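> Got a sequence here, can you build the structure:
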Amino acid sequence: MASAKDNKNKLAFLSMPAPASYVAGLGRGASGFTTRSDIGPAREGPSEEVIAEARAKRGEEAEVDPEQFQDPDNEYGLFAGMTYEADDEEADKIYEKVDEAMDMRRKARREAREQELLSQHRAERPKIQQQFADLKRGLSQVTDAEWESIPEVGNLTRRKRQRGNERTYVVPDSVIVGDRGKGEYESSLDPMLQQTGGLTTPADGAMTNFVEIGQARDKILSLKLDQATNGSVSSSSAFASGTSTSIDPKGYLTSLDTHASTIKSEAEIGDIKRARMLFDSLVKSNPKHGPGWIAAACLEEHAGRMVAARKIIKKGCEECPRSEDVWLEAARLHNNDDAKVILANAVQHVGQSVKIWLAAADLEHDVKAKKRVLRKALEHIPTSVRLWKETVNLESSPSDARILLARAVEVIPSSVELWLALARLETPEKAKAVLNKARKAVPTSCEIWIAAGRLLEQEVSRGEVKKEEGVEESEEERKKREKMLLAVDKTVETGVRELRKHGVLLTREQWIAQAEKCEAEGSLRTAEAIVKATVAIGLDEHGEEDEKYDIWVGDAQASESRGAIGTARAIFAYALKVFPHRSALWRLAAALEKEHGTPASLIALLETAVSYCPTAEVLWLMLAKEMWVGLGDVKGARGVLERAFDANSESESVWLAAVKLESESGGEKGGEVNVARELLGRARSVAGTQRIWMKSAVFERQQGNYDVALSTVSEAIKKFPKFDKLYMIQGQIYHEHKNNIPAARSAYANGLRAAPKSPTLWILASRLEEADGKSIKARALLEKGRLANPGEERLWAEAVRVEERAGGGAGNAQAKALLARALQECPASGLLWSMAVWAEPRPARKGRSVDALKKSAEDGRIVCTVARLFWSERKVEKAREWFRRAVHAEVGEVGRGLWGDGWGWWLKFERAYGTEEHREVVRALCAAAEPRYGEVWAAVSKDDRNRGVGVRGVLELVADKLES
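Here you go, the predicted model:
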């Protein structure tokens, strides 16, 4: 019993569940031999939680990875036993947003750094394509002969190896014998040919007579041609079916051309067949769909089957009688007479269609017939504005047109177009009544109020025409005219107010567009009235003044760019009433008046400007200049400057303007020169600026008083030791007029010590040494100047020129090397790139100019260089266009149109290839731009011998001095 009980206890584990980590056969090493039949269908193993629980029951500790806590982004093990809740998800989202925000904040800096590294890498290791860019551009200059002379590339590497593998074979004798007999001819007949004469067929012995065959063929062909020529077309069905064999000799070629034009390719024929099936299915499934019938008919028309197209559109008219498009398409596909019948049927179904009636009227060629059709249309559709307009346009008599329009506005009182057309045909008094009725009928129309203002303006214009014809205007008529002009303003202002009451709120831009339209139609006063009444719409009365100022200036400039000068002038006038003390606004208005107005209107505007802005020196100077240059009134200019002195007693600009006026307007008299000298003395005592002292020295130098000029400069240097132009004047006087090179060298040396940042001073000192024959010292001075002024293009350019003059031209190696260094130091310099283009050989200049345009952002000097390249290639129109671009392009920090050398090159070009008209255009544009900068322009304009020469004279001298 005991043994049985023990055996029972030993086998008790069979009824118990297996441990979680139990694997059958693992202890005896049999776990690796289980198969699908042993374990049954696949099932998931124990999860990590179950394994962990089993290990915990057995008292086992989990293995800890020592590296799992080293990664801050890996939280497994640190929080592995915790439940992932909604708070954890929300926290993760917040952290993600923070990371994204930090990444976006650093994005611009990171991208800039990556771009910088990429550009640096590209500069250090350029692509092969970039390395060979110049050589590839040079291939465009290779001639056809040079290209053909290039040897073909062969396989030279494996030739010897391939020759080693070649095998040779002995040619059989039969091949040699057969090849020998290839070119031989038989000169004898065999016995059979000798018997038959060569005219029998060896097969059956029958004779073939080719002469008779040819005669029979010619006879059959002539019979067919006679039948084709003399036959006639029996019926149209025979021609359509292709059974007729007749030929019209006159229209034969025409029919061939028509037939050739209708021949379609196989792909197109297939497309037409598929489209025909689709449209056929469409019209069958939805026969009331008009566009389907139209498309099907157009397809047949495209395929050249007009009969089928007409049948289809006829069926469409039957299925869709209420579709005007189908009827119009049917009329189009038929001739004129049939189209009239079709449209007559269409009117019965769609009598309210304006398009049908207009198409029917277009089919008529007689004016009376057109009128009859249109009046019949008006009986059916009396409310159609288009029909009334077409009917009125056919009337040749104004009285008949007036009657029609009177009836039209009764039928359609809401049509503004008809009211305005009627008002245009009436007399001024009746037109006012018509517009009053229109205003009551359509109170929301701005066009009616504008038409009323234009009507008043036309009455004033008729009075001005009488005045121009020589009729004297009385005081009463003048007052009446002024009253009517004020009435125009009041009418437009009242209109704007009434429209606002009825809820019509047009924007400022829309009103300005209406004003520009009135100006284009000749009603300038009405345009001004519209601007006065509406330019402040949408702007807060108590808003920022700068905002209003910017908006109005932008509106005026936009109108000017669109050619509406009167509207722009009116906007400036309104803005000046609001901001009368802004000198910048007066200057903009004066610039507009100078470009598009008259000298008298400009002077009147500037007189008003200086009354509101007496301390604005620029306005006084502009007024004095217009008095002097524009009108030639020297006395008036003196009066303006006297008033300017009263308002700006210590202004150096006013003092210098007075000196210029007195020195250049005196002609051969010396009194004005003495007055100018006295003015300069007073200016030095009153204002005493460095510019006045400099102008005093320049004035004495121009008069030939070099000792006085030197003493003035010496005294000025004591007062202003850092002013570089004083040292320049002193050195130039010693060098050019006194021929005292040591004194000039001393003056430049003192200037360089006092003002080392002046590039012009370094250049003058270098040129002095070069003139003295000391090129080495000139190079040293320029080197020191570049060290003191890094990145200064003028110093680099002067250094290159020194090497060119010393080495005999632009092609020497020293000059090219220095120019390459200069371009590395100043990669965007237009001056240096221009020199680099001319330093290249002629074939390579065009490619070099492309690089220069890219690097220098289309500097004016580079554009001028390109124009000169076109000039050298005799491409006149291209050169003229590029010269025009050059003078209006920016040159470094110089504004548009102020680079004088470009104007000089353009005039020089027009002297060679242009007419006198072309040259006069260049002179006029240059005089309007008033350039002041440029190496040659500055040297010519500041030359003492050219004192008093105007812009046109300086332009001619610059064109003479420039060298190609």
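> what comes up buried for stretch 283-298?
Residues of stretch 283-298 classed as buried by neighbour count (16 or more other C-beta atoms under 10 Å): 283, 289-290, 292-298. C-beta here means a position set from N, CA and C on the backbone, and glycine is covered the same way.
> now it, how far from the chain's geometric center?
Averaging C-alpha positions (C-alpha atoms, centre = their mean, to the nearest Å) puts stretch 283-298 45 Å from its chain's average.
> The helix or strand containing Pro742 - contacts with which helices or strands?
Using DSSP states H and E, Pro742 falls within helix 741-754. Helices and strands touching helix 741-754, by 3 or more C-beta pairs under 8 Å, 6 or more residues apart in numbering; DSSP states H and E, are helix 724-732, helix 759-771.
> which of the ones you listed sits most buried?
When those are scored by mean count of other C-beta atoms under 10 Å, the highest mean neighbour count falls to helix 724-732 (a mean of 23).
> So what touches it?
The contact list for helix 724-732 (C-beta atoms under 8 Å, 6 or more residues apart in numbering) reads 690, 693-694, 697-698, 701, 709-710, 713-714, 716-717, 720, 744-745, 747-748, 750-751, 754-755, 758, 760-761, 764-765, 768.
> make it 7 Å
Residues outside helix 724-732 that contact it (C-beta atoms under 7 Å, 6 or more residues apart in numbering) are 694, 697-698, 701, 710, 713, 716-717, 720, 744, 747-748, 750-751, 755, 758, 760-761, 764, 768.
> now swap in stretch 522-538 and tell me
450, 453-454, 457, 485, 488-489, 492-493, 496, 507-508, 511, 514-515, 518-519, 552, 566-567, 570-571, 574.
> In helices, which of those fall?
450, 453-454, 457, 485, 488-489, 492-493, 496, 508, 511, 514-515, 518-519, 552, 566-567, 570-571, 574 (DSSP state H).
> Can you say which of those are buried?
The buried subset of those (16+ other C-beta under 10 Å) comprises 450, 453-454, 457, 488-489, 492-493, 496, 508, 511, 514-515, 518-519, 552, 566-567, 570-571, 574.
> May I see the helices and strands packed on helix 741-754 organised as JSON lines, with distance to Thr427 and mean pLDDT added?
As requested, these are exported to JSON lines (distance: least, C-beta to C-beta, whole Å; pLDDT from 0 to 100):
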{"stretch": "helix 724-732", "distance to Thr427": "72", "mean pLDDT": "90"}
{"stretch": "helix 759-771", "distance to Thr427": "74", "mean pLDDT": "90"}
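> With distance to His349 added, can I get those helices in a markdown table?
A markdown table is the format used below for the helices and strands packed on helix 741-754 (distance: least, C-beta to C-beta, whole Å):
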| stretch | distance to His349 |
| --- | --- |
| helix 724-732 | 92 |
| helix 759-771 | 88 |
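> so how far is Glu547 from the nearest residue to Arg569 once chain neighbours are set aside?
Leaving aside its chain neighbours, Arg569 sits nearest to Leu592 (6.4 Å; criterion: C-beta to C-beta, 6 or more residues apart in numbering). Distance of Leu592 to Glu547, computed by C-beta to C-beta, to the nearest Å: 22 Å.
> now swap in Lys440 and tell me
For Lys440, the distance to Glu547 - C-beta to C-beta - is 39 Å.
> looking at this protein, which helix or strand is least sure?
helix 236-241 (a mean of 35; mean pLDDT, DSSP states H and E).
> Tell me the gap between the helix or strand where Ala344 lies and the middle of its chain.
Assigned by DSSP H and E, Ala344 belongs to helix 336-349. Here helix 336-349 is found 51 Å from its chain centre; the criterion is C-alpha atoms, centre = their mean.
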